[in-house]
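# The amino acid sequence is not available; the structure is as follows:
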């Protein structure tokens with residue numbers, strides 16, 4: 001009897017499972033038929049751009065007594081949910097955009113401000129450490145390099161700078177509250193928004209959107225319905241919560257172009273710093289913002305303001321293509337630049353004799369530095385090693401600089417070794433001032449705290 005019962009039960013279960021399977025197949029068929037109609041331009045744009053967006057988490061230095069959550073050098077709020085503090089460390093979440101397959105990432109400067117460790121998570125879930133190559137607090141833009149990637153990352157598609165339609169659908173992609181790739185949708189509400197800081201106009205070109213920009217979305221892309229980036233989301237503007245803002249692509253590309261030049265990454269010289277501008281008649285112009293004096297470009301006859309139309313045998317249609325090419329150039333590499341008057345200039349990257357950055361720092365700034373080794377870091381109570389520590393000062397001293405301070409940034413160049421000092425000071429002359437970021441250790445009731453110092457140094 002019991003055996004017969006089990007047999008009948010099995011038949012019921014089998015029959016029920018068969019019915020559910022058939023029902024699922026029917027539902028799947030219906031979903032398959034209707035799925036295509038659900039793949040809207042928004043869905044297509046998001047699918048196109050998600051592999052190009054990264055999540056950032058940083059471990060930060062904080063003040064002994066924090067005066068606020070915002071970067072005092074920035075006009076943007078770091079929302080409370082975006083930065084979590086304990087007594088000695090701060091943690092920040094943010095987003096970034098891959099701009100080169102080798103691992104270059106652009107984000108907001110405030111996302112990596114005071115970071116001593118940066119972890120980047122790609123769309124496939126793999127995580128890597130990253131370093132800051134350059135940062136500009138006023139423009140709120142930073143350039144990072146992912147360490148250890150194999151060079152096959154997907155760069156984010158870029159719109160033509162300034163190609164904007166008021167009222168067009170835009171999408172915010174980011175990492176709000178550490179929840180991974182998250183999107184919000186809205187419209188482009190306004191262009192050319194002005195922002196003042198210390199009674200001076202800092203931005204006159206911000207993009208405004210009603211798409212929600214959550215804490216943690218900072219540094220992620222604002223894209224249009226083609227899946228192309230038109231700007232970088234920034235944190236909520238002070239006293240303007242509920243309104244999303246983005247730094248326009250034209251500004252982003254111009255800041256990056258000033259960084260992605262051969263001179264910045266090696267002791268070489270080419271001499272051109274390009275830029276892009278959308279003219280009033282709608283034309284997109286790529287031109288030379290600067291030509292370094294006595295460089296190969298200068299000696300060839302190129303000058304500031306020259307409009308560029310071709311690179312080698314290819315028409316030049318976007319600035320980032322040129323920037324990617326320039327930053328990879330090494331000593332001996334050649335390039336042909338054609339200007340709007342159809343005149344061609346043959347340039348060759350020349351190797352420069354490296355100046356002794358340590359000696360340069362001592363002579364021009366009056367500061368003696370030495371490597372911050374693990375033993376020295378432990379003795380000075382720093383939670384990290386590497387970089388350069390101030391080991392000597394002139395007898396009269398330098399205001400706000402003390403022996404034992406660690407030099408983190410000079411100008412807009414992150415300082416890891418004396419070669420970085422050389423690059424930071426190559427265009428600086430007697431009487432100039434150069435911004436510097438240092439960090440020091442303070443003892444309070446037996447506990448050690450890190451404190452930043454934003455100062456300006458006078459070049460002798």
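Noted; the coordinates are in hand. Since the structure is predicted, the reported quantities are computational estimates derived from the model, not experimental observations.

# what's downstream of the helix or strand hosting residue 202, the next helix or strand?
If you go by DSSP states H and E, residue 202 is part of strand 200-209. Downstream of strand 200-209, the first helix or strand assigned by DSSP H and E is strand 221-223.

# State which strand of this protein is the longest.
Ranked by number of residues, the top strand in the chain under DSSP state E is strand 182-197.

# Adjacent strands (with direction) for the strand holding residue 202?
Sheet pairing of strand 200-209 (DSSP bridges) gives strand 182-197 (antiparallel), strand 244-248 (antiparallel).

# Relative to residue 227, which of these is closest?
Counting by CB to CB, residue 227 lies closest to strand 182-197 out of these; the figure is 11.8 Å. Bear in mind the C-beta positions are built from the backbone N, C-alpha and C, glycine included.

# what distance separates that closest one from the middle of the whole chain?
Counting by CA atoms, centre = their mean, to the nearest Å, strand 182-197 is centred 19 Å from the centre of its parent chain.

# How about stretch 420-431?
In terms of CA atoms, centre = their mean, the centre of stretch 420-431 is found 23 Å from the chain centre.

# just to revisit the earlier point, and the strand holding residue 202, what's buried?
By 16 or more other CB atoms under 10 Å, the buried positions in strand 200-209 come out as 203, 206, 207, 208, 209.

# which of those residues lies closest to residue 410?
Using CB to CB, the buried residues of strand 200-209 come closest to residue 410 at residue 203, 25.1 Å.

# Okay, and the beta partners of the closest one?
Going by DSSP bridges, residue 203 is paired in beta bridges with residue 195.

# per-residue pLDDT, it?
pLDDT, residue 203: 78.

# Contact partners for it?
75, 193, 194, 195, 247, 251 (CB atoms under 8 Å, 6 or more residues apart in numbering).

# Quick check, the second one in contact with residue 201.
This means residue 193. No: contact between residue 193 and residue 201 fails when scored by CB atoms under 8 Å: they sit 10.9 Å apart.

# Then residue 167 would be within a helix, right?
No: using DSSP: H, G, I helix; E, B strand; the rest coil, the assignment for residue 167 is coil, not a helix.

# I figured it hits residue 191, correct?
No: applying CB under 8 Å as the test, residue 167 and residue 191 come out as separate, 10.7 Å apart.

# Just want to know which of these two has more residues nearby.
A count of neighbours by other CB atoms under 10 Å puts residue 191 above the other of residue 167 and residue 191, at 16 against 9.

# List the contacts of residue 254.
Contact analysis of residue 254 by CB under 8 Å, 6+ apart lists 275, 276, 289, 319.

# For beta bridges, what are the partners of the first one?
The reference is to residue 275. For residue 275, the beta-bridge partners under DSSP bridges are residue 287.

# Distance check, it against residue 375.
46 Å (CB to CB, to the nearest Å).

# Those two: which has the busier surroundings?
A direct count of neighbours by other CB under 10 Å for residue 275 and residue 375 places residue 275 higher, at 18 against 9.

# Give me the local confidence score for that one.
Residue 275 is given a pLDDT of 96.
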